[in-house]
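*Asks:* predicted model and sequence below, questions to follow.
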Amino acid sequence: MKVASRLSLVFMPILSLVLVLMIGYIGLQTEGMLNGYMFDFSGVPVTSVAKRFPWELQMATVLVSFGAVVVYGRFAGNRKTKVFVFCTLGVAAVLSVMFYETIHSTRTNLLAMAFVVGGNSPLTLGLIAAVAAEMIYGKRHVERDAA
């Protein structure tokens, strides 16, 4: 097994979790700006801002998702890495659904809230579907080429 392949096995699940946290943080701040506040690091809405549509955060979401697709396409070359990414994103989605009500009712901290919001984000769910579809298509494509 190549060194680059081993490194991607380690770093791709970590980058997947970082992606979930980034999308969750952006989602929290977007929700807050729409309601007239921003979150501090303890997860409490403290700073009052004018209610507005945060186009900057929406653009950041687009750029983060574009970057995630580019990194996935570049470094998730073998099947094991794709399965690890799929499992990491899937576990994040399941855990976020399990803890959604608890986190939002207690306002524990920003990291936990960002994980929960990022785990059930449409972007994360879309990436899970895209990775699954790519694994299925890749397997059929390899079988078709071998025949």
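*Replies:* On my side now, so go ahead.

*Asks:* my read: A60 touches I26, true?
*Replies:* Yes: using C-beta atoms under 8 Å, A60 is in contact with I26, at 5.6 Å. Glycine gets a C-beta too; all of them are placed from N, C-alpha and C.

*Asks:* between these two, which is the more surrounded one?
*Replies:* Neighbours of A60 and I26, each counted by other C-beta atoms under 10 Å, are more numerous for I26; the result is 22 against 17.

*Asks:* can you tell me what sits against stretch 52-66?
*Replies:* With contact meaning C-beta atoms under 8 Å, 6 or more residues apart in numbering, stretch 52-66 is reached by 19, 22-23, 26-27, 29-30, 33-34, 123, 127.

*Asks:* which one among the residues you listed gets closest to E101?
*Replies:* Set against E101, the nearest of the contacts of stretch 52-66 by C-beta to C-beta is G27 (16.6 Å).

*Asks:* residues touching the closest one, list them.
*Replies:* 61, 114, 117-118, 121.

*Asks:* and K80, by the same measure?
*Replies:* K80 touches L9, counting by C-beta under 8 Å, 6+ apart.

*Asks:* same deal with G43?
*Replies:* 107-110, 112-113.

*Asks:* CSV for these, including pLDDT and neighbour count?
*Replies:* Shown next, in CSV, are the contacts of G43 (pLDDT from 0 to 100; neighbours: other C-beta atoms under 10 Å):
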residue, pLDDT, neighbour count
R107, 67, 14
T108, 73, 15
N109, 83, 16
L110, 85, 19
A112, 86, 17
M113, 88, 24
